[in-house]
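A.B. asks: Sharing a sequence plus its predicted fold:
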Amino acid sequence: MDVAAPALSPGATANPQSPPHRAGPCAFVIFGASGDLTKRLLVPALYNLAAARLLPDEFAVIGVARGELTDDAFRSRMREALREFATGSVSTEVVRDLTARFSYLRGDFDNPDTYRALSEKLGAAMRTGGNCLFYLATPPNVFGVVAQQLAEAGLLREEEGRWRRLVLEKPFGTDLESARELDRRLLDLMGENQIYRIDHYLGKETVQNIMVLRFANGLFEPLWNRDHIEHVQITVTETLSVENRGKFYDQTGALRDMVPNHLFQLLALTAMEPPAHFEADPVRSEKAKAVQAIRPLTPDDVCANVVRAQYRAGTIGNQRIRAYREEPGVDRNSMTETYVAMRLDIDNWRWAGVPFYLRTGKALGARRTEIAIRFKAAPFALFRRTPVERLAQNLLVLRIQPDEGASLQFNAKTPGPEICIGGVRMDFKYADYFEAAPNTGYETLIYDCMIGDATLFQRADNIESGWRVVQPILDAWREGRDCADLTWYAGGSEGPQAAEDLLARDGRAWRKIG
Ligand code: BG6
């Protein structure tokens, strides 16, 4: 993971750091090479890495899937994928050079023959130094099988200086027990240092920037605690409905899909203590500690502090959307939540008494991912014409997407002979300062896997601590406690009334998303 040089003013940089270097020789094996993830994200990301000259000269991509396909047909499909999904203009030369390194292996994931053939192919794969990244772009139910077969074929053995790494993506289990079971299974076969668990939120520049903002500035950290912060709101709202994922989503719901992973990443980066070093283990340990300090929810807490809701028909922009229960693949009587909001408390010295409110949902009025930090009000009313309760509270908003940036709201004197006060805002937009090449969000993650930097990846304890927090919610919902009833919101709205009530009870309100 490389952090850009600090910009002084739009366009001006100081102390430019040396650009990242090419990754070392390796092979990149994609299980599930005919799937969506491969064509929409992995191959476009590999292209961007190739165009930025970050891939090694000694590099091979082997796609593994069930369908019958020749090497040439696979290459041509991947060229097509690039035409459709590349994030910017595409150089024919780079595409030619990249896809020339692609080959295809037909095979069933549970058949040892597939792995024997893979082993031979890897042996023949030029000078990749025996280093290999196995990327599981597969449904999660085959993670265990593929890992087991790789291990039995000896493909996970690291010897004679070569490395072998396994990359997988959420969902890591569907609850605490299944997550632990998956970890046990994987850790029986390989070392933790060989496992790269991706949470794609950590590939977002603005998510990585939370740490830089906190720990590379002297300004914020002294205020970053219960003495100065009143509460924190973490929002991840989408306008997307469940699209063609109805069947998967109906068994998953917003809580499992978003909270223990993406929302807890944002929470952990906001709440963590400064790590001793900016290296994988210290960073991941501090993040795990922050999530472990979340106060466990009792069944009564779930009733009082967690809201779940499902969208009904509505209008987003000027487009009508059907109710969730009418979506293809969704049960007509589904009780699955497409929205969840909650209040969490973090029991440690830094955050005692500072509530963290989290919300996420689909088919809402706007797409917005942000962390809003509300500071305590000035302690007394110095200015008689503006009582302290009428002062705007200081608010720091970290905008993750869209319109990436940060803003700080504070009070200023409005012009005129009398002291009157109004809220104003200082705004930083990424796009004004940095020219970021369009990217898929996977480039840094893939590159980091290749160079063996696990800072942006989840360790087993990070995953388990997330599930430990949400497990009581899953349990209370499963037990069907009355107070944990599903509520409703119109598609395209701000969300359910119950979420507004959750904050109103504490004398607060959500920021508007629209
Ligand atoms: C995925 C979820 O992990 O994240 C999706 O499964 C969700 O349901 C997506 O839409 C959101 O990601 P992003 O990058 O669009 O905020």
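C.D. replies: Here it is on my side, so go on.

A.B. asks: all contacts plus neighbour counts: C-alpha atoms, from now on.
C.D. replies: Fine.

A.B. asks: ok, the helix or strand hosting residue 310: who's next to it in the sheet?
C.D. replies: Per DSSP states H and E: residue 310 is located in strand 306-316. Here strand 306-316 is paired, per DSSP bridges, with strand 319-321 (antiparallel), strand 339-344 (antiparallel), strand 486-491 (parallel).

A.B. asks: Could you dump the ones you listed into CSV and include mean pLDDT and distance to residue 202?
C.D. replies: As requested, the strands paired with strand 306-316 are arranged in CSV below (pLDDT from 0 to 100; distance: least, Cα to Cα, whole Å):
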stretch, mean pLDDT, distance to residue 202
strand 319-321, 93, 31
strand 339-344, 98, 21
strand 486-491, 96, 28
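
A.B. asks: Residue 363 is nearest to which of those strands?
C.D. replies: Checking the strands paired with strand 306-316 against residue 363 by Cα to Cα gives strand 486-491 as the closest, at 5.2 Å.

A.B. asks: Can you give the distance from the next helix or strand after the closest one to the centre of its chain?
C.D. replies: As assigned by DSSP H and E, the chain's next helix or strand after strand 486-491 is helix 497-504. The chain centroid and the centroid of helix 497-504 are separated by 26 Å under Cα atoms, centre = their mean, to the nearest Å.

A.B. asks: let's have the chain start at 5 instead
C.D. replies: Yes, from this point I'll number from 5; that puts the last item at helix 501-508.

A.B. asks: still on that earlier bit, now the strand holding residue 314, how far from the chain's geometric center?
C.D. replies: Relative to the mean C-alpha coordinate of its chain, strand 310-320 is positioned 22 Å out (Cα atoms, centre = their mean).

A.B. asks: Give me the neighbour count for the nearest residue to residue 209 once chain neighbours are set aside.
C.D. replies: In this structure, residue 209 finds its nearest non-sequential neighbour in residue 445, 7.9 Å apart by Cα to Cα, 6 or more residues apart in numbering. Using other Cα atoms under 10 Å, residue 445 has 17 other residues around it.

A.B. asks: and the gap between residue 445 and residue 208?
C.D. replies: 6 Å (Cα to Cα, to the nearest Å).

A.B. asks: Kindly report the same for residue 408.
C.D. replies: With Cα to Cα as the criterion, residue 408 and residue 208 are 10 Å apart.

A.B. asks: now the angle between helix 501-508 and the strand holding residue 314, please.
C.D. replies: Orientation check (axes from the mean of the first three to the mean of the last three Cα atoms, to 10 degrees): strand 310-320 against helix 501-508 gives 130 degrees.

A.B. asks: list the buried ones in strand 310-320?
C.D. replies: For strand 310-320, the neighbour count (16 or more other Cα atoms under 10 Å) marks 310, 311, 312, 313, 314, 315, 316, 317, 318, 319, 320 as buried.

A.B. asks: what's the answer for stretch 511-518, then?
C.D. replies: 514, 517.

A.B. asks: which element is residue 109 on?
C.D. replies: Using DSSP H and E, residue 109 falls in strand 106-110.

A.B. asks: got it, and residue 426?
C.D. replies: Applying DSSP H and E, one finds residue 426 within strand 424-433.

A.B. asks: Just checking: what are the partner strands of that strand?
C.D. replies: When pairing is defined by DSSP bridges, strand 424-433 lines up against strand 409-418 (antiparallel).

A.B. asks: chain center to the partner strand: distance?
C.D. replies: On Cα atoms, centre = their mean, the centre of strand 409-418 falls 29 Å from the chain's centre.

A.B. asks: Mind listing residues that contact that strand?
C.D. replies: Residues outside strand 409-418 that contact it (Cα atoms under 8 Å, 6 or more residues apart in numbering): 210, 395-403, 423-434.

A.B. asks: For the buried residues of strand 310-320, give me TSV that also has distance to residue 142 and pLDDT.
C.D. replies: TSV is the format used below for these (distance: Cα to Cα, whole Å; pLDDT from 0 to 100):
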residue	distance to residue 142	pLDDT
310	32	96
311	32	97
312	29	96
313	30	97
314	28	97
315	29	97
316	32	96
317	32	96
318	34	96
319	34	95
320	32	92
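
A.B. asks: how about the nearest residue to residue 205, chain neighbours excluded?
C.D. replies: residue 266 (6.0 Å).

A.B. asks: Can I take it that that neighbour is in a helix?
C.D. replies: Yes: using DSSP: H, G, I helix; E, B strand; the rest coil, the assignment for residue 266 is a helix.

A.B. asks: What's the end-to-end length of stretch 141-151?
C.D. replies: 13 Å.

A.B. asks: Need the contact partners of that stretch.
C.D. replies: Identification of contacts with stretch 141-151 by Cα under 8 Å, 6+ apart yields 34-37, 39, 41-42, 113-114, 140, 170, 172-176, 186, 189-190, 193.

A.B. asks: just the buried members of those?
C.D. replies: If we count by 16+ other Cα under 10 Å, the contacts of stretch 141-151 have these buried: 34-37, 42, 113, 140, 170, 172-176, 186, 189-190, 193.

A.B. asks: among the residues you listed, which are in helices?
C.D. replies: Secondary structure defined by DSSP state H assigns 186, 189, 190, 193 of these to helices.

A.B. asks: Which member of those is positioned nearest residue 127?
C.D. replies: residue 193 (21.5 Å).

A.B. asks: Domain ranges for the protein, per the record?
C.D. replies: Following automatic domain parsing, the chain resolves into domains at 30-173, 207-508.

A.B. asks: got the end-to-end distance for the shortest one?
C.D. replies: Between the opening and closing residues of domain 30-173 there is a gap of 20 Å (Cα to Cα).

A.B. asks: Equivalent analysis for stretch 272-286, please.
C.D. replies: Using Cα to Cα, the end-to-end distance of stretch 272-286 comes to 13 Å.

A.B. asks: one step back: residue 207 is in contact with the residue nearest to residue 205, correct?
C.D. replies: No: checked against Cα atoms under 8 Å, the pair residue 266 and residue 207 is beyond contact range at 11.1 Å.

A.B. asks: So these two - more neighbours on which side?
C.D. replies: Remark: of residue 266 and residue 207, residue 207 carries more neighbours, 20 against 17, as counted by other Cα under 10 Å.

A.B. asks: For the more buried one, which non-adjacent residue is spatially closest?
C.D. replies: Residue 207 sits nearest to residue 445 (Cα to Cα, 6+ apart), 5.0 Å away.

A.B. asks: Look at the one you found and report its pLDDT.
C.D. replies: pLDDT recorded at residue 445 is 89.

A.B. asks: before we move on, what about residue 400?
C.D. replies: We have a pLDDT of 96 for residue 400.

A.B. asks: tell me the SS of it?
C.D. replies: Applying three-state DSSP to residue 400 yields a three-state assignment of strand.

A.B. asks: Show me the beta-bridge partners of the nearest residue to it once chain neighbours are set aside.
C.D. replies: In space, and not counting its chain neighbours, residue 400 is closest to residue 412: 4.5 Å by Cα to Cα, 6+ apart. Here residue 412 shows beta-bridge partners residue 400, residue 430, assigned using DSSP bridges.

A.B. asks: Residue 412: neighbouring residues, count only.
C.D. replies: Residue 412 has 17 nearby residues by other Cα under 10 Å.

A.B. asks: Done for today, thanks.
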